[in-house]
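**Q** model the structure of this input:
(3 chains)
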Amino acid sequence: MTPLMHGFVWGLVIATVLVTIAVLSIWFERKFSARMQSRLGPTLVGPAGILQLVADALKMMQKEDLIPEKADSILFRLAPPFTVLFTLSVAAVIPFSENVLAADLDIGVLFMLAVGGLVVFPVWIAGWSSNNKYALLGAMRAVAQGIAYEIPLVLSAMVPVVLAQSMRFSDIISVQAETHWFVIWPLGPGLIAFVIFFICSLAEANRIPFDIPEAESELVAGVTTEYAGMRFGLLQMAEYLHTLIASAVAAAIFFGGWDGPFAPGLHWMVLKTLALFFTIFWIRWSLVRFRSDQLMALCWKYLLPLSLLLVMVAALFVHYCGVGA
Amino acid sequence: MTRDEAQQRFVALLQERFGVEEIPDDNYPLIDAKHHFELARVLREEFGYRIYSFVVASHYLEKVDAKNDNAVIDIEHYEVATGIRCVGAPAHLASWRVRVELDQSIPTLFPLFAGADWQEREQYDLVGVRFDEHPDLRRLMMPEDWEGHPLRKDYAIETACPPWR
Amino acid sequence: MHSVTGVDPHLDIETYDPSADLMVLNLGPQHPSTHGVFRVKLYLDGEIIIKAVPYAGYLHRGVEKLCEELTFVQIIPIVDKNDYVSPMMNEQAIAMACEAMLGIEVPPRALYLRTIFAELQRLASHLLWLGTFGMDLGGALGGGATLFMYCFRERETILGLFEEVTGCRFHYNTHAVGGNRHDITPKFSCDTKTTLEVIEKRLEEYVQIFSSNRIYRARTQGIGVLDGDLANSLGITGPLARASGVDHDLRRDAPYHIYGELDVKVFTESAGDCFARTLVRLNEMYESIRIVREIIDSVPEGPILGMKPGKSPGHIKIDASQGYSCIESPRGELGTYIIGGGKSRGASAYRLKIRSPSLHAASCIPYLFPGHTVSDAVAILGTLDPIMGEVDR
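**A** Predicted structure coming up:
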């Protein structure tokens, strides 16, 4: 099989599986949050309410395709698919096992950061083209937050890159498999970098406690205020996909990816990804949200200097102790 | 100080400084409109009545004596009752009434009590009594283009108000 | 004019920096965190509020006009709907005003019942406030909703107690002029004690989860500081004023029911911010639990209605005089001003005014909002806890 064909086939498989997991996770989250809140969650449609997803999807597709009269209708239509597109593109470079990957780019981490950062644009376009003040405020916050958190995100992702001396995902994972997971060793920089990466991913994915762009008690629904039907569904799915992919990236560069005993690599990667994904749900349903200026303060005052420091520490570590060590 | 003592002090104040002769049984003495603001000021600044409790305006129609050839007993007018309260025990409520003629207005208490802003707006809105030098005398409850004042006695509960009915 | 806060509620927006690019944002009338239908017109410079103009009246139902048409017996279920979060309080305020004007003696058992109902209702009302406030801070899809669900679970148990006595979970119509209409049973006392035990235990957890939470503190501390003098001058009473250092509680200072015999603790905070208001309400919940526990076993036997039940709805007649009486509702001084001598020879009021604490609370919005962001505005509105049914009546 040519590399192109290989990439195409696996890319299709990975994209399909990720979208399916993202959709299934909505059901899981509803059940999970219901348990946390001493409720039952969906129970009526199908066993344990799992077909509720199908019902919801059908409902969304049937909804009238509303576009506000004063909205910029072309941009308004373009924004949701591009949000999903940019989010899903990141998955192309994530290796789920030695073989299950679409493209093993030598600049994998850079690609992930660059394409992931593009998501800010369709979100801004969605907010701007809606011609709604709440959507505009939400988009403003999303851009401010997205740009601010991009920097510590990049810097914390640099720590494993420096430690592995490569931007290729498979190299980063192999180094971890040979030595230790970066979250464990070198003690300190790896773990802190993971925490920063995780926080920034939450902020990028607009998850509580950083869901300020769509803070529904303040901004009604933020960017998604004017969207209805499947366009709204796409924006929601992009959010879940973003969370899922961020978990996969974190699992790959900090938790050793496919590395693990007994079971095949794919199992371990999926397990790690889902564990992180679950943690995000857990956080979401137990915390209240920040205010946007507090969020910025957290980023610029604490996360940014700390992540810079971590890159330096990682570099010194590599200089004196060698790669992985 | 007990509440009775506070009440006696209030009554004494009314009689000595504001020329009120009789205090009715229900403790709502009628005072002259020109003393309204001054009384509130004295109570607030000299006696510590700092909590703005309520202002109630009521509308009275012309009263005639049916037995005596429909002789006019009382003309149409408003009455505004005000209550202010002191902080902490005994939480005495000082209250009084002011009679306001239909074409007259009553001074606002806004310079003394910020709460008078909304409360007086509400009374203006519902009853129609006007407050002098109120900073923002707009309707509070009813829409801005509403006709009439619903709590007036000549405003029947079925009054048609387009386009809402 | 009121320079205590330095905020002019009637700021002429034209005089504000003409080079500023202001945005007008209508918060409401239908908005997730206005707790009903309420509109605040915000003038924003960036995301900072320059001026806030509240518009009330979206829920104006003309209750006061209706009270002039109906008799004193008929208006009790009507006023239930004013403060729909604590209906018991509305009934008590009306019934007490009529009793004071008629000079009716309420039997001691009814006074005990009223005190128990009032305190349980205060607990239920504060629980609902805590839940919805969590929702304001944390969102309907997040940690706030979790708190909301927990608080509603607890509140349901209290409503269950009321249902046991009155047959209704809401809008009880259990207070009558002269006493109560439904008596409690030994089972009620027993159930109340178990319910309170559960609630007290769980309250500890809520305090742990939320008020000890760093984010929660960051969102509430120093936000929406209400000055004590301004609070008094606006007529703000209850937990809002107490959080601003005003040591004033009608239960202690002007006792009614049987509060005179009880030693009601009044909690004050000096900060006056959203966090102080949270603390005061949490403490009041514990105090309510304590009061109910103290008196639930010592309810005296005897009648619960102090007058002969009338045959017609117009049997209570008040002559043309005026009277005002008030109680400490969960939101502050809830009073009723009645001028008697209305329709059908005094069977209905000539003029009835409900002094609603929520209206006074809402009137501080123009003073508190400016200088804060939209996010803070939501937090402030949440802690003011205005019930729109009561603001607009």
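
**Q** switch to C-alpha atoms for all contacts and neighbour counts from now on
**A** Fine.

**Q** what distance do you get for the residue of chain B positioned farthest from its centre to chain A?
**A** Most distant residue from the mean C-alpha position of chain B: B:Asp69, 32.2 Å away (C-alpha atoms, centre = their mean). Going from B:Asp69 to chain A by C-alpha to the nearest C-alpha, to the nearest Å gives 65 Å.

**Q** break down the stretch 101-250 of chain C into its strands, ranges please.
**A** Under the criterion DSSP state E, counting those that start in this stretch, the stretch 101-250 of chain C contains strands at C:175-176, C:179-180.

**Q** and chain B, which residues reach chain C?
**A** Residues of chain B lying near chain C by C-alpha under 8 Å from any C-alpha of the partner chain: B:26, B:28, B:50-54, B:56, B:58, B:87-92, B:111-116, B:118, B:135-136, B:140-143, B:150-151, B:157.

**Q** ok, and of these, which contact chain A?
**A** Among the residues of chain B next to chain C, no residue lies close to chain A (C-alpha under 8 Å from any C-alpha).

**Q** quick one: buried ones out of those?
**A** B:28, B:50-54, B:56, B:58, B:87, B:89-92, B:111-116, B:118, B:140-142, B:150-151 (16 or more other C-alpha atoms under 10 Å in any protein chain shown).

**Q** next SSE after the worst-scoring helix or strand of chain C on mean pLDDT?
**A** The helix or strand of chain C with the lowest confidence, counting by mean pLDDT, DSSP states H and E, is helix C:343-346 at a mean of 78. Later in the chain than helix C:343-346, the nearest helix or strand by DSSP states H and E is strand C:351-355.

**Q** contacts only, for C:Lys308.
**A** By C-alpha atoms under 8 Å, 6 or more residues apart in numbering or on different chains, the contact set of C:Lys308 is empty.

**Q** returning to that earlier point: got the CA coordinates for the least confident helix or strand of chain C in CSV?
**A** The C-alpha trace of helix C:343-346 is given here as CSV (Å, rounded to 0.1, in the frame of the first residue of the first chain):
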residue,chain,number,x,y,z
LYS,C,343,-66.2,47.5,48.5
SER,C,344,-69.1,45.6,50.1
ARG,C,345,-69.0,47.7,53.3
GLY,C,346,-65.4,47.0,54.1
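
**Q** neighbouring contacts of that helix?
**A** Here helix C:343-346 has contacts from C:Glu68, C:Glu69, C:Gly314, C:Ile316, C:Lys317, C:Ile318, C:Asp319, C:Ala320, C:Gly340, C:Ala349, C:Tyr350, using C-alpha under 8 Å, 6+ apart.

**Q** can you verify the fifth one is assigned to a strand?
**A** What that stands for is C:Lys317. No. Looking at C:Lys317 with DSSP: H, G, I helix; E, B strand; the rest coil, it is coil, so not inside a strand.

**Q** do you know the pLDDT at the nearest residue to it once chain neighbours are set aside?
**A** Spatial nearest neighbour of C:Lys317, chain neighbours left out: C:Ala347 (4.3 Å); criterion: C-alpha to C-alpha, 6 or more residues apart in numbering or on different chains. Confidence at C:Ala347, expressed as pLDDT, is 83.

**Q** show me what contacts C:Ala347?
**A** C:Thr71, C:Phe72, C:Gly314, C:His315, C:Ile316, C:Lys317, C:Ile318, C:Gly341.

**Q** and the residues you listed, which two are furthest apart?
**A** C:His315 and C:Gly341 (13.3 Å; C-alpha to C-alpha).

**Q** who has more neighbours, the two?
**A** Shown here are C:His315 and C:Gly341; by other C-alpha atoms under 10 Å in any protein chain shown, C:Gly341 has more neighbours (19 against 16).

**Q** that one touches C:Leu352, doesn't it?
**A** No. Contact between C:Gly341 and C:Leu352 fails when scored by C-alpha atoms under 8 Å: they sit 11.0 Å apart.

**Q** now do the longest helix along chain B: distance to the chain's middle.
**A** The single longest helix within chain B, with elements called by DSSP state H, is helix B:3-17. Remark: helix B:3-17 is offset 20 Å from the chain centroid, using C-alpha atoms, centre = their mean, to the nearest Å.

**Q** go on, stretch A:141-148?
**A** 15 Å.

**Q** how about that stretch: buried residues?
**A** For stretch A:141-148, burial by neighbour count (16+ other C-alpha under 10 Å) applies to A:Arg141, A:Ala142, A:Val143, A:Gln145, A:Gly146, A:Ala148.

**Q** excluding residues flanking it in the chain, which one is nearest the first one?
**A** Closest residue to A:Arg141 in three dimensions, ignoring its sequence neighbours and counting by C-alpha to C-alpha, 6+ apart: A:Pro213, at 5.3 Å.

**Q** got the contact list for the one you found?
**A** Applying C-alpha under 8 Å, 6+ apart, the residues contacting A:Pro213 are A:Leu137, A:Gly138, A:Ala139, A:Met140, A:Arg141, A:Ala142, A:Asn206, A:Leu219, A:Gly222, A:Val223.

**Q** ramachandran angles for the residue nearest the centre of chain C?
**A** Closest to where the C-alpha atoms of chain C average out (C-alpha atoms, centre = their mean) is C:Arg331, at 3.0 Å. When read as degrees, to the nearest 10, the backbone of C:Arg331 gives phi -110, psi 0.

**Q** what's the first helix or strand after the helix ranked longest in chain A?
**A** Secondary structure of chain A per DSSP H: the longest helix is helix A:3-36. The helix or strand immediately downstream of helix A:3-36 is helix A:52-62, counting by DSSP H and E.

**Q** so which elements touch that following helix?
**A** Under the contact criterion of 3 or more C-alpha pairs under 8 Å, 6 or more residues apart in numbering or on different chains; DSSP states H and E, helix A:52-62 touches helix A:3-36, helix A:229-254.

**Q** show me what the lowest-mean-pLDDT helix or strand in chain A is packed up against.
**A** Counting by mean pLDDT, DSSP H and E, chain A has its least confident helix or strand at helix A:216-219, which shows a mean of 72. Contacts defined by 3+ C-alpha pairs under 8 Å, 6+ apart place helix A:216-219 against helix A:133-164, helix C:108-138, helix C:374-384.

**Q** ok, for the closest residue to chain C within chain B, nearest residue in space, not its chain neighbours?
**A** Of all residues in chain B, the one sitting closest to chain C is B:Gly115 (3.6 Å; C-alpha to the nearest C-alpha). Excluding the flanking residues, the one nearest B:Gly115 by C-alpha to C-alpha, 6+ apart is C:Leu234, at 3.6 Å.

**Q** circling back: for the contacts of C:Ala347, which one is nearest chain A?
**A** Closest to chain A, out of all of the contacts of C:Ala347 and judged by C-alpha to the nearest C-alpha, is C:Phe72, at 40.1 Å.

**Q** what about the closest one, neighbour count?
**A** 24.

**Q** could you pull up phi and psi at it?
**A** Dihedral angles (degrees, to the nearest 10) for C:Phe72: phi -60, psi -30.

**Q** ok, it - contacts?
**A** Counted by C-alpha under 8 Å, 6+ apart, C:Phe72 has contacts C:Cys98, C:Pro313, C:Gly314, C:Ile316, C:Ala347, C:Ser348, C:Ala349.

**Q** just A:Ala57 next, same as before
**A** Contacts of A:Ala57 by C-alpha under 8 Å, 6+ apart are A:Gly233.

**Q** for the helices and strands packed on helix A:216-219, which one sits closest to A:Thr87?
**A** Going by C-alpha to C-alpha, the one of those nearest A:Thr87 is helix A:133-164, 13.6 Å.

**Q** and after that closest one, which helix or strand comes next?
**A** helix A:169-178.

**Q** if we can go back for a sec, cross-check the contact I'm expecting between the residue nearest to B:Gly115 and B:Tyr52.
**A** Yes. If you go by C-alpha under 8 Å, C:Leu234 and B:Tyr52 touch, sitting 6.2 Å apart.

**Q** what touches both of those two?
**A** Joint contacts of C:Leu234 and B:Tyr52 (C-alpha under 8 Å, 6+ apart) are B:Phe113, B:Gly115, B:Ala116.
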